[in-house]
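>>> A predicted structure for the sequence below; I have some questions about it.
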Amino acid sequence: MSTENGAREENSGRSLFETKAAEGGSVAAAYKVFAFTVLVSIVLIWLYRLTYIPGVGEPGRWVWIGMFVSELLFGFYWIITQSARWNVVQRIPFKDRLSLRYEDKLPDVDIFICTADHVVEPPIMVIDTVLSAMSYNYPPEKLSIYLSDDGGSEFTFYALLEVSDFAKYWLPFCKKFKLEPRAPAVYFKRNILDSHDLVLAQEESKVKKLYEDMASRIETVVEEGGIPKEIKEKHKGFSEWNSLIARNDHQSIVQILIDRRNPNSVDIDGHQLPTLVYLSREKRPQRPHHFKAGSMNALIRVSSKISNAPIILNLDCDMYSNDSDALRDSLCFFMDEKQGHRTSYVQYPQRYHNITKHDIYSSVARVVHQMGLVYGCPVEDIVTGLAIQCRGWRPIYHNPSRYAFLGIAATTLDQSLVQSKRWSEGMFQIFLSKYCPFIYGHGKIKLGAQMGYCIYLLWAPISLGTLCYAVAPSLCLLHGIRIFPEVSSLWFLPFAYVFVAKYAYGLAEALSCGDTLKSWWNSQRIWLFRRTTAYFLAFIDTVIRQLGLSQTTFVLTPKVVDDDVMKRYENEILEFGSSSIMFTIIATIALLNLFSFLLGIRRVVLATESSRAFQQFIPPIILSGLLIMINIPVYQALFFRTDKGRMPSSVLWKSVMIVSLASLMPIY
Ligand SMILES: O=c1ccn([C@@H]2O[C@H](COP(=O)(O)OP(=O)(O)O[C@H]3O[C@H](CO)[C@@H](O)[C@H](O)[C@H]3O)[C@@H](O)[C@H]2O)c(=O)[nH]1
Ligand SMILES: [Mn+2]
């Protein structure tokens, strides 16, 4: 007793978390010098464009202006991105200090999990997340888990009912052996029985059997497309699903499956279980439901009547907890005596568990995951985060080395691009709305933070520059129009320097974060694809919406694909397979560059003029050459592959047509 008190005393003066600079002073200073040299080169490029602009009536004047605008966009965007590199800090929570000081005063925590469709988000995956949340290393009597089902599916409800039973075995098992991760499907897939520990092995095979039985019951029910009568009789909740219920038209359904106030809510060891609630908010066809943000707000209203915890954790249904101490880590940021009262939310980077070795769709790129509730935008999380921060509360970005949550990344190119489109569209909407960080945040948050938000919000418009760079130089090469300085000219230097510096730095940064060379290369390809398709179309759609011609939608990211597709994903083969406008754009750019590269080489080989004249073709040839290298998988998909994931021939014909038309058109 006295030693414990002593420890508490000694401990109480120390902070629950520490903030420190991510890199040493000299590294940071060296970066600033480097950034300055890049900035100077960018300005020189602008100067070149202004000095040598072709006169009125001269060929290529408009393309020149297009290139200039692109370089202005890139340049300003680069300046904005510096905000994320200037003062990088790292935060370290001390959960042992938290336990020492506050173990008996830990706050209640409500965990919100969102799901929206039992086909795209199968119940068996959803309950994995639910179980991982229920088994946090946290006093169960202080924990409530709410599942919001926007699909209003009785299958999801049934799966949750099964969870309320299985949890009685799963929770004590996890806690007894301190297992990680506590999502059963993931755990059983990963861990081969450990023969050293006989007790564990024995219990594991028992629990595993229970899990498999439950999983097969759920799968059977889903496959058969209906809940059998004898199951329906087990719980009064099923009576909510009468024949009149439709996905978009039903009353609100709230079912408390485990109630911590009930003394019988215990696991097989007699320990309390956390509260478990199913919610499907009311929906009516004529009323907008605001997607996930609407669902989160319904969760707040319902939970306030049941557990009303001061702390809320939000998870997507595919985002299981990978660290049972993550709640405690987060609490350090809220409960610290000096700074905790200013903390509004803690956000974790979005991580995925199904990433292939070289991350072919470059999924690891999205930065933050947080909770959010501002309506009218498919990226409710970002806009709400901004709104909270502008009210003076501080968000904490926490990126622990053991990932706190793992979700499912897109496994086909189409999925990945559709998701990118939703994000970039939503984010550009924010930029154009009253929430534009430069206006809304003006005087409320630091300029660096305003710029930091804009790194994401400007993805859509920046795509115009990339599209111009991927198309214009190759068209000019075809027509023999000069668009870059000759390689022997001094003006060529800033172009070369910015290009090399940017990519060398990007590569070094990727490698230092533990990426492979190949995953960096893959990410360059995906960035090209995203910018020329998803972000570009997002830009167009946002403009159309701004004119009042269409409405916001939310296309769910599918979490299941068939085995054939999965195999290609695991082998890191790009999945095309369907014809979509995005693939046509990708194929067109790839073919255009191939075509102009070959003609460009011919121009150089046949050059009889003075050496200076052909020099002007070298930069666009290099550019096309790089684009060809990055597009190698596209040519394979167009011409050589025979599997179902190849480019459909309709895409090939469409892009050949567009390339021919484009190369015949005069250049202004
Ligand atoms: O009408 C809806 C639509 C979606 N969701 C849920 O929202 C989550 C995210 O949807 P998903 O299709 O998985 O999109 P992602 O792009 O993977 O999600 C990221 O991007 C979203 C914003 O676009 C954020 O809301 C998410 O937290 C973030 O993980 C899922 O749990 C869905 O069930 C709903 O509850 N209701
Ligand atoms: Mn998701």
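Cool, the structure landed. Remember, it's a predicted structure, so these values are computed and weren't measured experimentally. Ligands and ions are numbered 1, 2, ... in the order given.
>>> So Ala133 sits against Cys317, correct?
No. With contacts counted by C-beta atoms under 8 Å, Ala133 stays clear of Cys317, the gap being 10.6 Å. Every residue, glycine included, has its C-beta placed from N, CA and C.
>>> shared neighbours, the two?
Listed contacts common to Ala133 and Cys317 are Ile113; contacts here mean C-beta atoms under 8 Å, 6 or more residues apart in numbering.
>>> Get me the contact residues on the chain for ligand 2.
Counting by C-beta under 5 Å from the ion, the residues of the chain close to ligand 2 are 316, 557.
>>> any weak-confidence spans in the chain?
Scanning the chain for pLDDT under 70 picks out 1-12, 191-195, 363-378, 608-613.
>>> show me where it has strands.
Along the chain, counting by DSSP state E, strands occupy 17-21, 89-93, 109-115, 143-149, 253-258, 275-280, 311-316, 320-321, 343-347, 394-397, 405-406.
>>> any chance of the ones you listed in CSV, plus mean neighbour count?
Output for these, formatted as CSV (neighbours: other C-beta atoms under 10 Å):
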stretch, mean neighbour count
strand 17-21, 13
strand 89-93, 16
strand 109-115, 26
strand 143-149, 27
strand 253-258, 20
strand 275-280, 25
strand 311-316, 20
strand 320-321, 28
strand 343-347, 21
strand 394-397, 17
strand 405-406, 24
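>>> Save these as TSV, and put in distance to Ala246 too.
Shown next, in TSV, are those (distance: least, C-beta to C-beta, whole Å):
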stretch	distance to Ala246
strand 17-21	48
strand 89-93	45
strand 109-115	17
strand 143-149	14
strand 253-258	13
strand 275-280	12
strand 311-316	24
strand 320-321	30
strand 343-347	35
strand 394-397	39
strand 405-406	32
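>>> Which one of the ones you listed lies nearest to Phe640?
Closest of the strands of the chain to Phe640 is strand 405-406, at 34.9 Å (criterion: C-beta to C-beta).
>>> Point out the other elements, helices or strands, that that closest one touches.
strand 320-321 (3 or more C-beta pairs under 8 Å, 6 or more residues apart in numbering; DSSP states H and E).
>>> Near ligand 1, which residues of this protein? Just list them.
Proximity of the chain to ligand 1, by C-beta under 6 Å from any ligand atom, involves residues 114-116, 121, 148, 150, 291-292, 295, 316-317, 350, 369, 378-381, 419, 422-423, 426, 554, 556-557.
>>> Write a PyMOL command that selects only the buried members of those residues.
To isolate the buried ones among these in PyMOL, judged by 16 or more other C-beta atoms under 10 Å, type:
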select buried, resi 114+115+116+121+148+150+291+292+295+316+317+350+369+378+379+380+381+419+422+423+426+554+556+557
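>>> just checking, which of the residues of the chain next to ligand 1 belong to helices?
291-292, 295, 380-381, 419, 422-423, 426 (DSSP state H).
>>> Kindly present the residues you listed as a markdown table, with separate columns for distance to Asn571.
Listed next are these as a markdown table, based on distance: C-beta to C-beta, whole Å:
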| residue | distance to Asn571 |
| --- | --- |
| Phe291 | 34 |
| Lys292 | 33 |
| Ser295 | 36 |
| Glu380 | 36 |
| Asp381 | 33 |
| Gln419 | 22 |
| Arg422 | 27 |
| Trp423 | 27 |
| Gly426 | 32 |
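>>> Between the residues you listed, which sits nearest Val487?
Trp423 (38.6 Å).
>>> who are the neighbours in contact with the nearest residue to that closest one once chain neighbours are set aside?
Leaving aside its chain neighbours, Trp423 sits nearest to Val379 (5.8 Å; criterion: C-beta to C-beta, 6 or more residues apart in numbering). Taking C-beta under 8 Å, 6+ apart, we find Val379 in contact with 422-423, 426-427, 430.
>>> Asp643 - nearest residue in space that isn't next to it in sequence?
Asp643 sits nearest to Arg568 (C-beta to C-beta, 6+ apart), 6.9 Å away.
>>> how near is Phe17 to Lys644?
According to C-beta to C-beta, to the nearest Å, Phe17 and Lys644 sit 50 Å apart.
>>> what do you get for Leu528?
Distance from Leu528 to Lys644, by C-beta to C-beta: 24 Å.
>>> Repeat that for Leu313.
Note on Leu313: its distance to Lys644, by C-beta to C-beta, is 40 Å.
>>> now Met335
Counting by C-beta to C-beta, the gap from Met335 to Lys644 is 53 Å.
>>> picking that back up, closest to Ile589 out of the strands of the chain?
Short answer: strand 311-316, nearest of the strands of the chain by C-beta to C-beta, at 32.6 Å.
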